[in-house]
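Asks: Sequence unavailable; structure follows:
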């Protein structure tokens with residue numbers, strides 16, 4: 001029986017079930033935006049390489065020998081996994097008195113809180129995208145006007161930031177700017193933006209821009225060139241109601257956003273006296289961030 005001397009052990013499957021229900025309540029954008037991976041080390045490193053120059057392909061015709069693929073060392077990013085433990089206590093008297101909601105509600109809210117913590121952390125990449133206090137491997141913010149080409153090539157910089165409000169014309173301008181991004185050899189990267197990331201207050205505007213077959217700003221049946229080019233991702237956890245981001249989802253998963261689950265989220269009983277009170281501990285360990293900025297163009301709108 002659940003109220004025997006082993007009441008806490010009997011309650012454990014119920015705790016796990018309601019914890020999982022709470023965790024699954026919030027739809028997550030982490031799998032959509034991040035390259036989610038496992039890890040078996042205390043940290044992971046992403047070490048990028050510069051692009052191979054296209055001139056080497058001409059060496060056979062010029063010099064009679066095959067060219068050699070040569071590239072510069074890129075920036076190195078270290079992802080150090082942090083621990084996140086949280087305990088919850090459940091009193092036996094709630095079961096004795098048939099106060100089941102006093103047991104399940106806190107467990108559901110703990111699971112919900114775990115999901116919220118992960119989502120807020122993930123969104124911090126974009127909420128701090130314009131802050132010089134949150135820099136990437138190239139020592140500037142995710143969205144900056146001064147991204148260097150590589151550690152070896154100084155002087156020239158690129159920009160992936162602006163201050164334009166979300167409009168159809170500004171989507172066009174931003175798309176063209178992203179498609180002009182170059183690698184460290186100043187060759188086009190072939191960025192193809194296909195995702196608008198917006199806060200809830202800009203969702204209607206983003207959908208009107210991207211889902212209208214005809215130009216929403218014209219009464220002359222002019223086609224909307226942005227129709228079908230973009231998906232729209234609305235994130236509750238973007239803290240600025242005016243800022244928006246254009247993303248290349250393919251490049252984002254390949255070289256941009258990283259999320260490492262060192263230890264997946266779990267909840268387990270804690271050892272100790274369980275006569276009157278039992279304790280469960282929820283635990284997760286992860287790291288996250290970005291390796292290459294070229295997947296993104298952000299607008300810090302006043």
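Replies: Yep, it's here. It should be emphasised that the depicted structure is a prediction, and the values quoted were computed from it without experimental measurement.
Asks: give the contact list for residue 198.
Replies: Listed by Cβ atoms under 8 Å, 6 or more residues apart in numbering, the contact set of residue 198 reads 166, 205, 206, 232, 233, 234, 235, 238, 244, 245. Placement of C-beta: from N, CA and C, glycine included.
Asks: rerun at 6 Å
Replies: Residues in contact with residue 198 (Cβ atoms under 6 Å, 6 or more residues apart in numbering) are 206, 234, 244.
Asks: Now, those that are in strands?
Replies: 234, 244 (DSSP state E).
Asks: Can I get the contacts of residue 198 in CSV including neighbour count and pLDDT?
Replies: As requested, the contacts of residue 198 are exported to CSV (neighbours: other Cβ atoms under 10 Å; pLDDT from 0 to 100):
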residue, neighbour count, pLDDT
206, 21, 96
234, 17, 97
244, 26, 98
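Asks: Go through the contacts of residue 198 and name the one nearest residue 193.
Replies: Ranked by distance to residue 193 (Cβ to Cβ), the contacts of residue 198 are led by residue 244 at 12.1 Å.
Asks: any idea how far the nearest residue to residue 207 once chain neighbours are set aside is from residue 195?
Replies: Of all residues not flanking residue 207 in the chain, residue 232 sits nearest, at 5.7 Å (Cβ to Cβ, 6 or more residues apart in numbering). Going from residue 232 to residue 195 by Cβ to Cβ, to the nearest Å gives 8 Å.
Asks: Between those two, point out the one with more neighbours.
Replies: residue 195 (21 against 17; other Cβ atoms under 10 Å).
Asks: Could you find the closest non-adjacent residue to the more buried one?
Replies: Closest to residue 195 by Cβ to Cβ, 6+ apart is residue 247, at 4.3 Å.
Asks: ok, the one you found to residue 280 distance?
Replies: Distance from residue 247 to residue 280, by Cβ to Cβ: 38 Å.
Asks: neighbour-wise, which of the two wins?
Replies: Between residue 247 and residue 280, counted using other Cβ under 10 Å, the more crowded position is residue 247 (25 against 21).
Asks: Quick check: pLDDT value at residue 66.
Replies: What the model reports as pLDDT for residue 66 is 76.
Asks: Helix, strand, or coil at it?
Replies: coil (DSSP: H, G, I helix; E, B strand; the rest coil).
Asks: same check, this time on residue 196
Replies: strand.
Asks: next one: residue 15
Replies: helix.
Asks: Residue 123 and residue 237 touch, don't they?
Replies: Yes - in terms of Cβ atoms under 6 Å, residue 123 counts as a neighbour of residue 237; the distance is 3.7 Å.
Asks: Looking at these two, which is more packed in?
Replies: Each of residue 123 and residue 237 has its neighbours counted (other Cβ under 10 Å); residue 123 has more, 20 against 16.
Asks: Can you tell me how far the more buried one is from residue 234?
Replies: 12 Å.
Asks: Residue 61 now?
Replies: 52 Å.
Asks: and what of residue 168?
Replies: In terms of Cβ to Cβ, residue 168 sits 18 Å off from residue 234.
Asks: cool, and residue 192?
Replies: For residue 192, the distance to residue 234 - Cβ to Cβ - is 21 Å.
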